[in-house]
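[1] Got a predicted structure plus its sequence, pasted below:
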Amino acid sequence: MKTILGLFAATLLSTSAIAAPPTVTPTTGKAGAVLPTHVGGRVARTAEGYTRQWPGTYFEAAFRGPSALMKIGAGDVILRVSVDGAPVAKLVKPKSGLYRVAGLANGRHTIRVDVASESQAAPTVFGGFYAGPETRALPAPARTRQIEFIGDSHTVGYGNISTKRDCTQDEVWATTDASQAMPALTARRYGADYQVNAISGRGIVRNYDGMAADTVPVAYPFTLFDKATRYADPAWRPRLFVIALGTNDFTTPLHPGEPWKTRDALHADYEQHYVDFVKRLRAQNPHAHVLLWATDMADGEIASEVGKVAARLKAEGQRDVAFVPVTGLAFTGCHAHPSTADDARIRTALSTYIDAHPEIWTHK
């Protein structure tokens, strides 16, 4: 009997060791019932599903069963699919259609799809999750904490998984991973939902090298970059804003024809617009903490200006505002941007403030 049991146990271990991992494959099958979906980020609900453009969007659902289905809509995108917290697939520019996530144990599962890439040129569509054969829907995941991250490429995760600094634009797109950037790392540490409302190359009053495009405060009020619909979600009430804007305002020299004749004039305009932007955020979320941060790039000009903004906000009666300078970054990502190691260092710097203020999560 012992021998038989021993052989049976060995067989189970052997089968487990060679069991195939979960798979994500296109399918021509029919989608079942819609699975309740939890959305992180700004989206427009359409007949095709969830249309999104701001980076770092994610979608989650829970179910019981061995498989689930998901629909991917139009638009070039990189999606990271995970089940029960473990990565399952990375889909690079997947074709529109229905996909089956299979090979799961017949139990309870949580599925998540993270948008890794940046989508400045055009929005993309995620069609949602659906039940597969023998699958039962469960309530969508939910969290009580909310953090909103506002910024530029340093917040997006621009080229953060690149192994080199010299990148083509195609390589930048392929090596940008918002799911491994500072916002995702920070939110994960605190078990929080999050939004990443950031655009690479944009600033408070000036974009990179004087580029003509909407600045972040101009684009910010809207669901998509076409500015057709103002964003509104009564359920989105972040207790913490983490903002980094100024890199693009100050890392390049002023050019003839720009509105500012001197650097001092640019500083004054930047400070006033930044203060006004934060006040608008606080007017809608009066109990939120505001954490401003900046690197030591541009010979400290950015950090100096952000420090002045924080000081003015406090002097004008804004409570729970702080400034965190971040130093020691290696900038080994594309075009001397933060790498994932730098993202972790930024998260650690921000966490020092967050950990010291537990009232962020408890204040009513």
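    That came in fine, so what should we check first?
[2] Without its sequence neighbours, what residue ends up closest to residue 52?
    residue 43 (4.6 Å; Cβ to Cβ, 6 or more residues apart in numbering). Backbone N, C-alpha and C define where each C-beta goes, glycine included.
[3] so that neighbour touches residue 223, yeah?
    Yes: in terms of Cβ atoms under 8 Å, residue 43 counts as a neighbour of residue 223; the distance is 7.3 Å.
[4] the helices in the chain, which residues?
    2-18, 153-156, 169-174, 182-190, 216-219, 247-250, 263-284, 301-315, 340-355, 359-362 (DSSP state H).
[5] hey, which of those is tucked in deepest?
    Mean neighbour counts were compared across these using mean count of other Cβ atoms under 10 Å; the top stretch is helix 153-156, at a mean of 29.
[6] now it: mean pLDDT?
    For helix 153-156, the mean per-residue pLDDT is 98.
[7] got the contact list for that helix?
    55-56, 118, 149, 176, 178, 181-183, 196, 198-201, 244, 247, 295, 337-338, 346 (Cβ atoms under 8 Å, 6 or more residues apart in numbering).
[8] How far does it sit from its chain's centre?
    9 Å (Cα atoms, centre = their mean, to the nearest Å).
[9] would you put the C-alpha positions of that helix in CSV?
    Extracted in CSV, the C-alpha atoms of helix 153-156 (Å, rounded to 0.1, in the frame of the first residue of the first chain):
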residue,chain,number,x,y,z
SER,A,153,7.2,61.2,-19.3
HIS,A,154,8.7,60.5,-15.8
THR,A,155,5.2,59.5,-14.6
VAL,A,156,4.3,57.6,-17.8
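[10] Dump stretch 347-357 to CSV, restricted to CA.
    C-alpha atoms of stretch 347-357 as CSV (Å, rounded to 0.1, in the frame of the first residue of the first chain):
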residue,chain,number,x,y,z
ARG,A,347,8.6,55.3,-5.1
THR,A,348,10.8,55.0,-2.0
ALA,A,349,11.2,58.7,-1.8
LEU,A,350,7.5,59.4,-2.1
SER,A,351,6.7,56.6,0.4
THR,A,352,8.7,58.4,3.1
TYR,A,353,6.1,61.2,3.0
ILE,A,354,3.1,58.9,2.6
ASP,A,355,4.1,56.6,5.5
ALA,A,356,4.6,59.6,7.7
HIS,A,357,1.0,60.7,7.0
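[11] what mean pLDDT does that stretch have?
    For stretch 347-357, the per-residue pLDDT averages 97.
[12] and the end-to-end length of stretch 114-133?
    24 Å (Cα to Cα, to the nearest Å).
[13] Please spell out which residues along that stretch are buried.
    114-119, 123-132 (16 or more other Cβ atoms under 10 Å).
[14] on that earlier part again, which of the helices of the chain has the lowest average pLDDT?
    Looking at the helices of the chain, the bottom one is helix 2-18 with a mean of 43.
[15] now, which of the buried residues of stretch 114-133 sits nearest residue 325?
    residue 118 (25.7 Å; Cβ to Cβ).
[16] what residues are up against residue 344?
    182, 185.
[17] Contacts only, for residue 243.
    Applying Cβ under 8 Å, 6+ apart to residue 243 gives the contacts 149, 150, 151, 278, 290, 291, 292, 293.
[18] out of these, which are inside strands?
    Among the contacts of residue 243, the ones falling in strands (DSSP state E) are 149, 150, 151, 290, 291, 292, 293.
[19] Burial check on the third one, number of neighbours?
    Neighbour count of residue 151, defined by other Cβ atoms under 10 Å: 24.
[20] Tell me the bridge partners for it.
    Beta bridges link residue 151 to residue 198, residue 244, judged by DSSP bridges.
[21] wait, it sits on residue 198?
    Yes: counting by Cβ under 8 Å, residue 198 is a contact partner of residue 151 at 4.2 Å.
[22] neighbours around residue 165, how many?
    14.
[23] Local confidence estimate at it?
    Looking at residue 165, its pLDDT reads 98.
[24] so who does the residue nearest to residue 293 when sequence neighbours are not counted touch?
    What sits nearest to residue 293 in space, not counting adjacent residues and going by Cβ to Cβ, 6+ apart, is residue 324, at 4.4 Å. Applying Cβ under 8 Å, 6+ apart to residue 324 gives the contacts 291, 292, 293, 349, 350, 352, 353.
[25] For those, which two are the farthest from each other?
    The widest separation within the contacts of residue 324 (Cβ to Cβ) is 14.2 Å, between 292 and 352.
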